[in-house]
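# sequence-free structure coming up:
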Ligand SMILES: O=c1ccn([C@@H]2O[C@H](COP(=O)(O)OP(=O)(O)O[C@H]3O[C@H](CS(=O)(=O)O)[C@@H](O)[C@H](O)[C@H]3O)[C@@H](O)[C@H]2O)c(=O)[nH]1
């Protein structure tokens with residue numbers, strides 16, 4: 001299958017591009033390399049030293065014999081995107097190419113406007129490009145579990161049947177996102193649903209939880225293929241961030257009470273879920289939603305698990321509750337459905353002690369790269 005992976009230079013996109021290429025798909029990466037520029041802006045870095053996109057794909061060709069084509073440019077430039085579609089004639093378009101940090105979107109007005117413009121308009125351009133150049137192309141869009149927020153009822157997969165004043169309907173599940181970033185994904189979902197309805201586009205919204213880990217079988221093949229790992233207060237996410245804090249003996253920072261519960265998955269499952277979606281395309285005009293996670297944990301439980309493994313590895317680290325820089329529920333109900341990907345064949349890689357140990361060992365190997373002043377949160381929601 002001819003597959004475009006937009007955002008193929010990033011944390012989820014790079015291993016996905018490699019995995020799909022290994023499976024024999026004809027993969028093209030589209031990326032404007034902006035994730036590397038956010039590092040410059042924030043004076044931060046990946047814990048692992050990552051090669052340039054050019055070197056990465058050259059190395060992939062050397063070790064696998066497979067070619068991944070690249071286009072460096074922005075989805076917001078429609079002429080560029082049109083040319084990509086003309087040249088590649090994609091059968092699937094995997095869309096990771098959005099600003100994905102909630103704290104980054106909350107820095108100030110400029111960053112909120114940038115996040116929503118970049119994400120919402122970029123996605124709208126993709127919808128128009130599919131309509132104009134590849135109407136059969138299946139859009140596989142990365143949404144987020146954060147679109148739902150933390151309602152006091154079970155979270156369904158995209159839709160909920162509602163009975164109201166004696167009448168029944170199946171409606172989009174209510175959205176209560178917690179940042180301007182998460183809101184951008186809600187706006188995307190609405191735009192995609194509408195485009196499916198009016199133009200007959202086929203789309204799958206993958207409402208992904210928090211991704212942990214870094215290595216996949218493909219990124220392990222050579223140091224030049226290594227994936228990026230984020231730890232700072234802006235792009236680092238729960239678990240990977242906690243492990244890297246532990247690697248340098250920093251306190252593990254639990255925000256508020258730590259009762260916040262989130263859905264998680266291993267990066268090895270991210271790549272497989274995208275493959276499953278690609279192999280089982282949505283019907284024409286169908287807007288399908290999959291909840292893409294395998295387990296859920298409270299932030300406090302995760303912090304304690306990381307602390308325990310760190311101790312076994314000889315690292316002394318404390319779990320510290322600090323004032324929550326975000327505005328969010330800290331003690332809430334959480335029960336989310338995730339059967340659709342399982343039904344299509346996903347076999348989860350669950351969070352074992354060995355998985356935490358593996359992330360920790362990579363962090364320890366590279367701990368000299370961790371910039372300590374970036375570890376604490378610096379952005380508040382107020
Ligand atoms: O040091 C920390 C960092 C985070 N948290 C807490 O951990 C939870 C998750 O925060 P996060 O930074 O790990 O994840 P989040 O901001 O939700 O965003 C990440 O996870 C989302 C999936 S989800 O959480 O919405 O399901 C993706 O959409 C985003 O792209 C990705 O950056 C929050 O309650 C946060 O307050 C801590 O307690 N301590």
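Looks like it arrived, so ask away. Since this is a predicted model, take the numbers as computed values, not measurements.

# OK, contacts around the residue in the chain that the ligand sits nearest to?
Nearest residue of the chain to the ligand: residue 146, at 2.3 Å (Cβ to the nearest ligand atom). Where you see a C-beta, it was placed from the backbone N, CA and C, and this is true even at glycine. Applying Cβ atoms under 8 Å, 6 or more residues apart in numbering to residue 146 gives the contacts 102, 177-179, 182, 185.

# In strands, which of those residues appear?
When strands are assigned by DSSP state E, not one member of those lies inside them.

# Check those and tell me the two furthest apart.
Spatially, the most separated pair among the contacts of residue 146 is 178 and 185, at 11.3 Å (Cβ to Cβ).

# Can you get me a residue count around the closest residue in space to residue 116 that isn't next to it in sequence?
Excluding its sequence neighbours, the residue lying closest to residue 116 (Cβ to Cβ, 6 or more residues apart in numbering) is residue 184, at 4.8 Å. Using other Cβ atoms under 10 Å, residue 184 has 26 neighbouring residues.

# Next: the one 3 residues further on.
Residues near residue 187, counting by other Cβ under 10 Å, number 17.

# Backbone dihedrals for it, please?
Backbone torsions of residue 187, given as degrees, to the nearest 10, read phi -60, psi -40.

# nearest spatial neighbour of it, skipping sequence neighbours?
In space, not counting the residues next to it along the chain, residue 187 is nearest to residue 120; the distance is 4.8 Å by Cβ to Cβ, 6+ apart.

# Ramachandran angles for the one you found?
phi -70, psi -40.

# residues contacting it?
The contact partners of residue 120, by Cβ under 8 Å, 6+ apart, come to 184, 187-188, 191.

# List the residues that contact residue 304.
Taking Cβ under 8 Å, 6+ apart, we find residue 304 in contact with residue 319.

# quick check, the helix or strand encompassing it touching the ligand?
In this structure, residue 304 sits in helix 299-312 according to DSSP states H and E. Yes. When contact is scored as Cβ under 6 Å from any ligand atom, part of helix 299-312 falls within range of the ligand: residue 299.

# Could you tell me which residues of this structure lie near the ligand?
Proximity of the chain to the ligand, by Cβ under 6 Å from any ligand atom, involves residues 100-102, 144-146, 182, 209-210, 237-238, 241, 253-255, 260, 262-263, 299, 326, 328.

# Let's see the ChimeraX selection covering just the buried ones among the residues you listed.
Paste this into ChimeraX to select the buried members of these, with burial taken from 16 or more other Cβ atoms under 10 Å:
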select :100,101,102,144,145,146,182,209,210,237,238,241,253,254,255,260,262,263,299,326,328
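
# Which of the residues of the chain next to the ligand fall in strands?
Using DSSP E, the members of these that fall within strands are 144, 210, 253-255, 262-263.

# Put together JSON lines for the contacts of residue 120, with pLDDT on each row.
Shown next, in JSON lines, are the contacts of residue 120 (pLDDT from 0 to 100):
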{"residue": "184", "pLDDT": "99"}
{"residue": "187", "pLDDT": "98"}
{"residue": "188", "pLDDT": "99"}
{"residue": "191", "pLDDT": "98"}
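
# Distance to residue 11 added to those, as a markdown table?
What follows is the contacts of residue 120, written out as a markdown table (distance: Cβ to Cβ, whole Å):
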| residue | distance to residue 11 |
| --- | --- |
| 184 | 18 |
| 187 | 22 |
| 188 | 19 |
| 191 | 24 |
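
# Confirm for me that residue 14 is in contact with residue 56.
Yes. With the criterion set as Cβ atoms under 8 Å, residue 14 and residue 56 qualify as a contacting pair; they are 7.1 Å apart.

# out of those two, which sits in the more crowded spot?
When residue 14 and residue 56 are compared on other Cβ under 10 Å, the one with more neighbours turns out to be residue 14, at 31 against 25.

# and the gap between the more buried one and residue 219?
As judged by Cβ to Cβ, to the nearest Å, residue 14 and residue 219 stand 7 Å apart.
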